[in-house]
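> here is the input, now give the coordinates:
(one chain, ligands or ions: 2)
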Amino acid sequence: MNLSGRSFLKEFDFTPEEWTSLLDLAADLKRERREGTERQSLSGRTIALIFEKPSSRTRSSFEVAAFHQGAHTTYFDPSASHIRGKESIVDTALLFGRMFDAIEYRGYGQDTVEALAEYSGVPVWNGLTDEWHPTQTLADQLTIRERVTKPLNEVTIAYLGDARNNVGNSVLAGGALMGMDVRMVAPKDLQNTDEVVAQAREVAARTGARITLTDDVAEGVRDADVVYTDVWVSMGEPKEVWAERIDLLKGYQVNTELMRATGNPDAIAMHCLPAYHDRDTTVGEQVFQMTGMDALEITDEVFQTQRDVIFDQAENRMHTIKAVMVATLGRD
Ligand code: CP
Ligand code: NVA
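Ligands and ions are numbered 1, 2, ... in the order given. Down below sits the predicted model:
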């Protein structure tokens, strides 16, 4: 499978075969790292990392994976460059295309990452936009392959929470691509847009995926192998939405009772992280003071029981991001 020179912007840009080849490559790279047999295919390459929103996992994954593979990274946050302030995204793309061999972008609209790809002439990798989080999807699916003893097209995944956020869209798109039984379980106001659902259904018609959108938790999680959740308020949203969002989503919390409602004792819980599962964060404490809830999208009980799975997911960000870099930029 040749993905050389391609950008990695969203799941729907890839065929199921291309997507599977990235998962396979990530599994190989992970094994090689463990065995000490990894070969560097990015030596001498230069990579720009643009972050307009905060990150712990995605930034470390790009930096660590690049180092393993011999590439050099330069990190830009909004305060340390002219991006947007004095220089447009198009001009930044034109400049970085001449300096760097590839660009990673985390930030706001998908149109930004698309413009970087169009005008830079080098591979551009989406490290999260308002609409999509495709490197997360690869890590999630690698984790599912490792943890659930069935091929992906026999796996049932239920996503609970703000289904129309970046991770919700990506769970749906990635699940459609891999032929999974995908349940988006959310109140009607927080369901994926008609446009995203239509695209997912079009892909599902070819891959055999099943797509269900429901606001009924019991129906949505029944027989699930994977219960997935994400924060209820995403980066970039105003803090004024918290109260309304908690009100809408409190019935969709991943707790022990909900895990039992799957009817599957082997069901795993997944979370892209960071998670509000206790009061040990500034926001977690503020929300507790406001509402009395000591956890939001996932209880601490479920989080601790599933901690190994959830942190496998986090580690797999690095192996899968490495696969994206090697496949699109690597030299053999
Ligand atoms: N899951 C994820 O993208 O984490 P970061 O925000 O820490 O990069
Ligand atoms: N939906 C979350 C994902 C964080 C990885 C956000 O955008 O903040």
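
> now the helices: where do they sit in the stretch 51-200 of the chain?
57-69, 89-99, 110-120, 134-147, 166-177, 194-207 (DSSP state H, counting those that start in this stretch).

> what's the spacing between the spatially closest residue to T193 that is not a sequence neighbour and E237?
Spatial nearest neighbour of T193, excluding adjacent residues (C-beta to C-beta, 6 or more residues apart in numbering): R164 at 6.1 Å. Glycine gets a C-beta too; all of them are placed from N, C-alpha and C. The spacing between R164 and E237, counted by C-beta to C-beta, to the nearest Å, is 12 Å.

> of those two, which one has the most company?
Using other C-beta atoms under 10 Å, the more surrounded residue of R164 and E237 is R164, with 18 against 15.

> skipping adjacent residues, who's closest to the residue nearest the centre of the chain in space?
Residue closest to the mean C-alpha point of the chain, counted by C-alpha atoms, centre = their mean, is Q136 at 2.4 Å. Using C-beta to C-beta, 6+ apart and skipping residues adjacent in sequence, the residue nearest Q136 is C272, 5.1 Å away.

> from the stretch 151-300 of the chain, which residue is nearest to ligand 1?
Ligand 1 sits closest to C272 of the stretch 151-300 of the chain, with a gap of 4.0 Å, by C-beta to the nearest ligand atom.

> what's near enough to touch that residue?
133, 136, 140, 167, 230, 313 (C-beta atoms under 8 Å, 6 or more residues apart in numbering).

> these also near ligand 1: which ones?
Applying C-beta under 6 Å from any ligand atom, the subset of those adjacent to ligand 1 comprises Q136.

> would you mind giving the contacts of C272 as TSV with pLDDT and distance to W242 added?
Output for the contacts of C272, formatted as TSV (pLDDT from 0 to 100; distance: C-beta to C-beta, whole Å):
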residue	pLDDT	distance to W242
H133	99	21
Q136	99	23
D140	99	26
V167	99	18
D230	98	15
Q313	98	25
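
> who's in contact with D294?
278-279, 284, 288, 300.

> got phi/psi on it?
Main-chain dihedrals, D294, degrees, to the nearest 10: phi -90, psi 0.

> do L49 as well
Main-chain dihedrals, L49, degrees, to the nearest 10: phi -110, psi 110.

> so what's the residue count around it?
Per other C-beta under 10 Å, the neighbour tally for L49 reads 23.

> got the contact list for it?
So L49 contacts 59, 62-63, 73-76, 104, 127 (C-beta under 8 Å, 6+ apart).

> may I ask which of those has the most neighbours?
For the contacts of L49, neighbours tallied by other C-beta under 10 Å; top is E104, 32 neighbours.

> what residues are up against that one?
47-50, 62, 124-125, 127.

> cool, and R147?
For R147, the contacting residues are 268, 309, 312, by C-beta under 8 Å, 6+ apart.

> show me what counts as buried in the helix or strand harbouring the second one.
Going back to what we said before, that points to V309. Using DSSP states H and E, V309 sits within helix 307-329. By neighbour count on 16 or more other C-beta atoms under 10 Å, the buried set for helix 307-329 is 309-310, 312-314, 316-329.

> possible to save the helices of the stretch 51-200 of the chain as JSON lines with distance to S4?
Formatted as JSON lines, the helices of the stretch 51-200 of the chain follow (distance: least, C-beta to C-beta, whole Å):
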{"stretch": "helix 57-69", "distance to S4": "15"}
{"stretch": "helix 89-99", "distance to S4": "17"}
{"stretch": "helix 110-120", "distance to S4": "15"}
{"stretch": "helix 134-147", "distance to S4": "18"}
{"stretch": "helix 166-177", "distance to S4": "21"}
{"stretch": "helix 194-207", "distance to S4": "24"}
